[in-house]
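Trainee: Here is my input, please return the structure:
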Amino acid sequence: MATSNASSALSSTFYLTGIPGYEEFHHWISIPFCLLYLVGVMGNCGILHIVRTDPRLHEPMYYFLAMLSLTDVGMSLSPVITLFRVLWSISREIQFNVCVVQMFLIHTFSFTESSVLLAMALDRYVAICHPLRYATIFTPTLIAKIGIAALLRSAIALIPILARLAFFTFCHSHVLSHSYCLHQDMIRLACADTKFNVIYGLILIFVLWGLDSLGILVSYAFILHAVLKIASREGRLKALNTCASHICAVLILYVPMIGLSIVHRFAKHSSPLIHVFMAHIYLMVPPVLNPVIYSVKTEQIRQGLLHLLLHSKISSVVV
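Mentor: Numbering: from 1, shown residues only. Now for the predicted structure:
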């Protein structure tokens, strides 16, 4: 499947990889993958439904949670077709243009989720440090603008680096090391000068993820300063408890994201299983765990999900 002849990007066909060394178990491996994807999509769609239908949740905090769920659904669905095509031995081939579209969706939703987490940190900062101005600052119009800006920022920032791929030629192996397309994975196969893509990719990481994470840290520094001024211990714990779910969501996104970037750039000769493992954690863990965390830590979401599950069971029994 590898080729030694140079081919232009637009005419190139790439070959996706499943779990190296475990090809005969792909059908069995697909079962937990399928369950995880179902849990992630159903959990996030459940949160979206609850926020939309429950008037008590029509508040800024829950609107931002709905944005987080939307990006999680996008991250879940972007690689799902190629992943199961590989695991079910349907096809390993993927055309360059399809690969770039998938790459665009995966990276866009990833960067957008980071921006949404920054917006949620600012939401917690205003709610704790300026509670009297909370409703007047985070109006529905401003929240909608924040969501659109987060999506556009991520999408537009990716255009230069992905558009340049169309001018590459590929004279090495056309075998990608994952079951879906990632930018870092494709540029290592190019026989062109990839310096721009490498440098621009690092700039994107430091500017987008870096600024977002810095903004989150600064927000929590002000939050912690305000919380320490609260006289009662119960008041301090109550204020911090409202941030617990968000802190967990930040760690769930950034830790695998940083790990995957380090593996791709500084551990290129490590075991292929490590690359595959980190890539799947990066895409599967946040969408699966975020609904669990918010349903456990947020009473309104927990009650809504329980009501939704019980209503579904009662409806199925009646039918």
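
Trainee: going forward, measure contacts between C-alpha atoms and count neighbours the same way
Mentor: Fine.

Trainee: Restricting to C-alpha, output stretch 99-113 in CSV.
Mentor: Written as CSV, here are the backbone C-alpha positions of stretch 99-113 (Å, rounded to 0.1, in the frame of the first residue of the first chain):
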residue,chain,number,x,y,z
CYS,A,99,-9.0,13.6,4.8
VAL,A,100,-8.5,17.4,4.9
VAL,A,101,-12.2,18.0,5.6
GLN,A,102,-12.0,15.5,8.5
MET,A,103,-8.8,17.1,9.7
PHE,A,104,-10.5,20.6,9.6
LEU,A,105,-13.5,19.4,11.6
ILE,A,106,-11.4,17.6,14.3
HIS,A,107,-9.0,20.5,14.9
THR,A,108,-11.8,23.2,14.6
PHE,A,109,-13.9,21.5,17.3
SER,A,110,-10.8,20.9,19.5
PHE,A,111,-9.8,24.6,19.4
THR,A,112,-13.4,25.7,19.8
GLU,A,113,-13.8,23.6,22.9
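
Trainee: Could you list the buried residues of that stretch?
Mentor: Buried positions in stretch 99-113, judged by neighbour count with 16 or more other Cα atoms under 10 Å: 99-100, 102-113.

Trainee: Also stretch 241-258?
Mentor: Neighbour counts over stretch 241-258 (16+ other Cα under 10 Å) mark Cys243, Ser245, His246, Ala249, Val250, Ile252, Leu253, Tyr254, Pro256, Met257 as buried.

Trainee: same check, this time on stretch 56-64
Mentor: Per 16+ other Cα under 10 Å, stretch 56-64 contains these buried residues: Leu57, Pro60, Met61, Tyr62, Tyr63, Phe64.

Trainee: so of those residues, which ones are in helices?
Mentor: Pro60, Met61, Tyr62, Tyr63, Phe64 (DSSP state H).

Trainee: Save these as CSV, and put in pLDDT too.
Mentor: Compiled in CSV, these are given as follows (pLDDT from 0 to 100):
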residue, pLDDT
Pro60, 92
Met61, 90
Tyr62, 92
Tyr63, 94
Phe64, 94
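
Trainee: can you tell me which of these lies nearest to Val80?
Mentor: Phe64 (24.9 Å; Cα to Cα).

Trainee: quick one, what contacts His178?
Mentor: Leu16, Thr17, Gly18, Asp185, Val276, Ala279 (Cα atoms under 8 Å, 6 or more residues apart in numbering).

Trainee: Can you flag which of the buried residues of stretch 99-113 belong to helices?
Mentor: 99-100, 102-113.

Trainee: which among these gets closest to Phe206?
Mentor: Of all these, Phe206 sits closest to Phe111, with 11.4 Å by Cα to Cα.

Trainee: tell me the pLDDT at the closest residue to the closest one other than its chain neighbours?
Mentor: Nearest residue to Phe111, sequence neighbours excluded (Cα to Cα, 6 or more residues apart in numbering): Ser154, at 5.6 Å. Ser154 is assigned 95 on the pLDDT scale.

Trainee: Let me see the contact set for the residue minimising distance to the centre of the chain.
Mentor: What sits nearest the mean C-alpha location of the chain, by Cα atoms, centre = their mean, is Ser110, with 4.0 Å. The neighbourhood of Ser110, defined by Cα under 8 Å, 6+ apart, consists of Thr71, Met75.

Trainee: Relative to Leu208, how far out is it?
Mentor: 10 Å (Cα to Cα, to the nearest Å).

Trainee: again with Pro79
Mentor: In terms of Cα to Cα, Pro79 sits 22 Å off from Leu208.

Trainee: Output the below-cut-off pLDDT ranges for the stretch 151-300 of the chain.
Mentor: Applying pLDDT under 70 to the stretch 151-300 of the chain flags the ranges 172, 264-270.
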